[in-house]
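>>> using only what follows, build the 3D model:
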Amino acid sequence: MLKIGIVGARGLSTVLGFRDIEGVDITALCDLNEDVLKQYSQKYNIPHTYRVYEDMLDSDIDAVVIGSPMQCHVPHAIAALEAGKHVMSEVTAGVTMDELWWLIENVEKSGKVYMYAENYCYMPDMQVVRNMVRKGVFGQVYYGEGEYLHELNGLFVYGNGKSSWRSYWQCGKRGNFYPTHSLGPVMQWFEGDRIASISTFSPGQHYVSSKISNVRLRQDDTTVTMINMESGGLIQIRVDCMSLRPHNLTYYQLQGTQGCYEAPRGLGDVAKIAVNDGDPNGFREWKPLRDYYDKYMPERYMKATDEQKNAGHWGGDFFIVQDFVNAIRTGCKPEIDVYQAAEWTAVGLLSELSVTNGNRLMEMPKFRKNMPLSEQIIKL
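Here you go, the predicted structure:
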């Protein structure tokens, strides 16, 4: 039996996924809030609860899901690895560049599985588009785009009136603080490629505080980051958690030499592609992406049970958990490993330096195994 512990209530999004895998059980839950512990341990029948994280690590669990606030991700991951536990971490991987070096070193030293829980990569449409890219439907992909537009103004203060962690580690910073939902699926279209450099732009701050909670913040109203790939490809990502606007968390766009893809924008729009699939004018007409599901949707998605589809993020929360468990059991590389986690997270961290220094071009470190200390630097 593979025993799982969860730290932070946000990690409970994985519960239904773990529960649907034979030989896996969630046996422990850790959170500082006693009311949360009582509520969710009863709801999900989790037998052991902890307020002290180290106490949970001293138990007989085999793996930890880290769903704590983002500034706790690396400290919690390192403690788990040192305790001999496998780790699946929510996004982002860390909040400083130094943390990324520490994380990589500890994963390598531990020999345990570390998987980055970027579940947007697992959404069914993203899986279909990724399959189409792999099979050459779009030709050579040279441009990708992602947007995460998620107005957060109601989340900067807790119910008791105290400032939440989001007012510091998210919107208390400048730059693209939360890049990987936008970036992860797009990076998978550039499989085998790496980021060479980034530059971040913003229109500035039109408000000095949250429009709802009146908390003073440093985040720009919108940030746009341009990413140069080593291959010459180009990626653009936009993150906006400040502007008063409807949410649009999952907009993506792809352009290749033989076609393109666009996610829906809202108001009845649908995911769509235009490709040169034998018809010389085919690239001029949109077709619904769903017309290609039967041919390009991964088989496990097509055969998913209702319980698996209901795990969250249109079934993605089941399949990401399935891949984590499979990596533990087989010793194979996790689908999104620590080096990818570091590279995708570093886009946001470097963007802070870029946007505060006149949109300066920032070189991306080459994250890889046994990376020498001399390369664990930020080049200016």
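>>> burial count for residue 51?
12 (other Cβ atoms under 10 Å). Heads up, the C-betas are built off the backbone N, CA and C, glycines and all.
>>> skipping its backbone neighbours, what lies nearest it in space?
Among residues not flanking residue 51 along the chain, residue 32 sits closest, at 5.9 Å (Cβ to Cβ, 6 or more residues apart in numbering).
>>> list the residues that contact residue 49.
Each residue near residue 49 by Cβ atoms under 8 Å, 6 or more residues apart in numbering is listed here: 28-31, 37-38, 41.
>>> wait, is it part of a helix?
No. Judged by DSSP: H, G, I helix; E, B strand; the rest coil, residue 49 forms no part of a helix; its state is strand.
>>> in what helix or strand does the closest residue to it other than its chain neighbours lie?
Using Cβ to Cβ, 6+ apart and skipping the chain neighbours, the partner closest in space to residue 49 is residue 37 (4.4 Å). Taking DSSP states H and E as the definition, one finds residue 37 inside helix 34-43.
>>> swap in residue 332?
Short version, using DSSP H and E: residue 332 is in no helix or strand.
>>> so what's it closest to, chain neighbours aside?
Counting by Cβ to Cβ, 6+ apart, residue 326 is the residue found nearest to residue 332 once chain neighbours are left out, at 6.9 Å.
>>> can you report phi and psi for the one you found?
phi -60, psi -40 (degrees, to the nearest 10).
>>> wait, it touches residue 319, no?
No. If you go by Cβ atoms under 8 Å, residue 326 and residue 319 don't touch, sitting 10.1 Å apart.
>>> for these two, indicate the residue with more neighbours.
A count of neighbours by other Cβ under 10 Å puts residue 319 above the other of residue 326 and residue 319, at 24 against 15.
>>> straight-line length of stretch 114-125, end to end?
25 Å (Cα to Cα, to the nearest Å).
>>> got the CA coordinates for stretch 35-55 in CSV?
Below are the C-alpha coordinates for stretch 35-55, written out as CSV (Å, rounded to 0.1, in the frame of the first residue of the first chain):
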residue,chain,number,x,y,z
ASP,A,35,-11.2,23.6,11.7
VAL,A,36,-9.9,22.7,8.2
LEU,A,37,-8.3,19.5,9.6
LYS,A,38,-11.5,18.4,11.3
GLN,A,39,-13.7,19.3,8.3
TYR,A,40,-11.7,17.6,5.6
SER,A,41,-10.4,14.6,7.5
GLN,A,42,-14.0,13.7,8.2
LYS,A,43,-15.2,14.5,4.7
TYR,A,44,-12.5,12.3,3.1
ASN,A,45,-12.1,9.8,5.9
ILE,A,46,-8.4,10.6,6.4
PRO,A,47,-7.4,8.8,9.6
HIS,A,48,-4.4,11.0,10.8
THR,A,49,-4.2,14.7,11.1
TYR,A,50,-1.3,17.0,12.1
ARG,A,51,-0.7,20.6,12.7
VAL,A,52,3.1,20.2,12.8
TYR,A,53,4.5,19.2,9.4
GLU,A,54,7.5,17.4,10.8
ASP,A,55,5.2,15.1,12.8
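>>> what average pLDDT does that stretch get?
Mean per-residue pLDDT for stretch 35-55: 97.
>>> for it, which positions count as buried?
Within stretch 35-55, the residues that count as buried by 16 or more other Cβ atoms under 10 Å are 37, 40-41, 46, 48-50, 53.
>>> now those residues as JSON lines including distance to residue 354?
As requested, the buried residues of stretch 35-55 are exported to JSON lines (distance: Cβ to Cβ, whole Å):
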{"residue": "37", "distance to residue 354": "41"}
{"residue": "40", "distance to residue 354": "39"}
{"residue": "41", "distance to residue 354": "43"}
{"residue": "46", "distance to residue 354": "43"}
{"residue": "48", "distance to residue 354": "45"}
{"residue": "49", "distance to residue 354": "43"}
{"residue": "50", "distance to residue 354": "40"}
{"residue": "53", "distance to residue 354": "34"}
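>>> circling back to that earlier point, helices and strands around the helix holding residue 37, which ones?
Applying 3 or more Cβ pairs under 8 Å, 6 or more residues apart in numbering; DSSP states H and E, one finds that helix 34-43 contacts strand 24-30, strand 48-50.
>>> reformat those strands as a markdown table; add distance to residue 204.
Shown next, in a markdown table, are those (distance: least, Cβ to Cβ, whole Å):
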| stretch | distance to residue 204 |
| --- | --- |
| strand 24-30 | 40 |
| strand 48-50 | 44 |
